[in-house]
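Visitor: my questions concern the predicted model and sequence given below.
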Amino acid sequence: MDSPLTLNGQVAFYQGKVRDVYFLDEGRLAIVASDRISAFDHILPRAIPGKGQMLNDIAYYFLQATEHIIPNWSEALPHKSVTTGKTAEPIKIEMVVRGFLCGHALRQYTAGERTLCGASMPDGMLPYQAFPQPIITPATKADHGEHDEDISPREILDRRIVSEDLWQKLASISLELFAFGQQMASERGLLLADTKYEFGLIDGELILIDEIHTPDSSRYFYADGFDDAVSQGRPPKHLSKEFVREWLMSKGFQGREGDVMPVMEDEDVQLIRDRYMELYEIMLGRPFLEESMDNLQETINSFLQS
């Protein structure tokens, strides 16, 4: 479903890389998670059937599970692909928390860097090894059509993106959310390696916005066999979108100017769907049952009127 819906009380519409955002009257919001998939800030040429519903269901589950740490924007799940809630003024920083040397951090480390966004990475680390303590590596939240960029806490304060007090709150809550996410992952035989959090303000109150602890915003490893893989120099088995990035890199695509997006075959689409479904079933403890997308507009409008 890529054509915009027409929702009751709609005042504005924004199409992100993978989600469609409907701003409604009275400060309400409806977000529809599409089956589009992105990597390196580019949308891939084919959608992944059911991905939006899986991601949205996981995100809503974790938003509800973390309300004791910080309130969030969500209020209801009228359809597996849709979350409704409150509109917030977004803080234009992504709080990226990394517990392990992998992904972007590993690529920078391999290139010889020992500092990422002002956070130190010790010498002598093995790929995928856990950091002594989780590190925060913020990124600017780019405007539509632009790319997110690494930024240090000092740069954030110097550019007055947020105050020092607010920065300290963002950092503290991000680490608390990450620790809770790691605990929940551990109970399911997984390791939460890294993730990102986004925050906003409603009448001056700090809240959590966007999604949380999904395979699009997070990287998970299987705990079983992880230590052996790291010690032997092998990539550990993971459940995340990183394998999509790795596949793109193997085809010569990293989102750089001049890179050509590779063709996605049916088996590539199925592999990605299977990975998302596997994480869904592990995290939520139930099989994924896809909900019909027929009459989605009517379903949402009926809920909004109730």
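Guide: Sure, I can see it. Remember, predicted model here, so these are calculated numbers, not experimental data. Numbering: from 1, shown residues only.
Visitor: which helix or which strand is home to the residue nearest to residue 273 when sequence neighbours are not counted?
Guide: Closest residue to residue 273 apart from its sequence neighbours, by Cβ to Cβ, 6 or more residues apart in numbering: residue 48 at 5.1 Å. The C-beta positions use only the backbone N, C-alpha and C, and glycine is treated the same way. For residue 48, there is no enclosing helix or strand under DSSP states H and E.
Visitor: so who does residue 48 touch?
Guide: 35, 37, 269, 272, 273, 276 (Cβ atoms under 8 Å, 6 or more residues apart in numbering).
Visitor: neighbour-wise, which of those residues leads?
Guide: For those, the largest neighbour count, defined by other Cβ atoms under 10 Å, is 27 neighbours, found at residue 276.
Visitor: and residue 114, how far from residue 133?
Guide: Taking Cβ to Cβ, to the nearest Å as the measure, residue 114 falls 16 Å from residue 133.
Visitor: residue contacts, residue 148?
Guide: 41, 94, 139, 140, 141, 142.
Visitor: residue 56 reaches residue 33, doesn't it?
Guide: Yes: with contact defined as Cβ atoms under 8 Å, residue 56 counts as touching residue 33 (3.9 Å).
Visitor: may I ask which helix or strand encompasses residue 127?
Guide: Per DSSP H and E: residue 127 is located in neither a helix nor a strand.
Visitor: quick one: contacts for it?
Guide: Contacts of residue 127 by Cβ under 8 Å, 6+ apart are 101, 102, 106, 110, 230, 233, 235.
Visitor: can you classify the third one by secondary structure?
Guide: Right, residue 106. Per DSSP: H, G, I helix; E, B strand; the rest coil, the secondary structure class of residue 106 is helix.
Visitor: again with the fifth one
Guide: Here residue 230 takes the helix state, with states given by three-state DSSP.
Visitor: where along the stretch 51-200 of the chain do the strands fall?
Guide: In the stretch 51-200 of the chain, the strands defined using DSSP state E, counting those that start in this stretch lie at 74-79, 82-86, 89-100, 115-116, 119-120, 130-136, 139-140, 149-150, 190-202.
Visitor: okay, those in TSV with distance to residue 285 and mean neighbour count next?
Guide: Output for the strands of the stretch 51-200 of the chain, formatted as TSV (distance: least, Cβ to Cβ, whole Å; neighbours: other Cβ atoms under 10 Å):
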stretch	distance to residue 285	mean neighbour count
strand 74-79	17	18
strand 82-86	20	21
strand 89-100	23	20
strand 115-116	35	16
strand 119-120	34	15
strand 130-136	26	16
strand 139-140	32	18
strand 149-150	36	14
strand 190-202	12	22
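Visitor: for residue 9, find the nearest of those strands.
Guide: Closest to residue 9 of the strands of the stretch 51-200 of the chain is strand 82-86 (Cβ to Cβ; 10.9 Å).
Visitor: residue 263: what's its closest spatial neighbour, skipping adjacent residues?
Guide: Closest to residue 263 by Cβ to Cβ, 6+ apart is residue 45, at 7.2 Å.
Visitor: what's the answer for residue 149, then?
Guide: Among residues not flanking residue 149 along the chain, residue 140 sits closest, at 4.9 Å (Cβ to Cβ, 6+ apart).
Visitor: noted, bye for now.
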